[in-house]
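# Return atomic coordinates for the entry below.
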Amino acid sequence: LNPAKTFVWMCFFCNNQRRWLRPAPGIESPDGIEVFGQNLTKIKRMLCVVDDFRDALYFGRVWTVYEVFLALMENIDIAVTLLPDACKRFCEEKPGR
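Numbering: from 1, shown residues only. All right, here's what the predicted structure looks like:
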């Protein structure tokens, strides 16, 4: 990847799920599912950052499971990466052997 041409959009920072779920009185709140879907379709790629290869917190949250589901339904490329400590444990344990 060319760092000068690579941009990262983090839904964690950009999607205000609290506002979607509990809009302020008198203020119209956007449909979070629609907003996320539109952004994901524009981006065309998804990176899942996972904290553990055996029991990842990522796959225990409904929203992140939905993100993966939507990406699969829209034929969006998905990559999964482990955090450095989890990657080290993965290499040390050699799962499946």
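
# surely Val49 meets Ile78?
No: using Cβ atoms under 8 Å, Val49 is not in contact with Ile78, being 11.9 Å away. Heads up, the C-betas are built off the backbone N, CA and C, glycines and all.

# Quick one: mean pLDDT for stretch 55-73?
Stretch 55-73 shows a mean pLDDT of 89.

# List the contacts of that stretch.
Contact partners of stretch 55-73, identified using Cβ atoms under 8 Å, 6 or more residues apart in numbering, comprise 11, 17, 33, 36-37, 40, 46, 48-51, 76-78.

# Most neighbours among those residues, please name it.
When neighbours are counted by other Cβ atoms under 10 Å, Phe36 leads the contacts of stretch 55-73 with 20 neighbours.

# looking at this, it is in a helix?
Yes: Phe36 forms part of a helix when assessed by DSSP: H, G, I helix; E, B strand; the rest coil.

# wait, what's in contact with it?
Cys11, Asn15, Glu67, Leu70.

# what's the closest of the residues you listed to Cys87?
Cys87 has its nearest neighbour among those in Glu67, at 21.6 Å by Cβ to Cβ.

# Give me the neighbour count for that closest one.
Glu67, neighbours per other Cβ under 10 Å, totals 21.

# Identify each buried residue in the helix or strand it falls within, please.
For Glu67, the element it lies in under DSSP states H and E is helix 62-73. Buried residues in helix 62-73, counted by 16 or more other Cβ atoms under 10 Å: Thr64, Glu67, Val68, Leu70, Ala71.

# wait, Trp9 sits on Ile43?
Yes: taking contacts as Cβ under 8 Å, Trp9 lies within contact range of Ile43: 5.9 Å.

# Among those two, which residue is more densely surrounded?
Neighbours were counted for Trp9 and for Ile43 using other Cβ under 10 Å; Ile43 has more, 16 against 12.

# Give me the pLDDT for that one.
85.

# May I have the residues that are in contact with it?
For Ile43, the contact set (Cβ under 8 Å, 6+ apart) comprises Trp9, Ile76.
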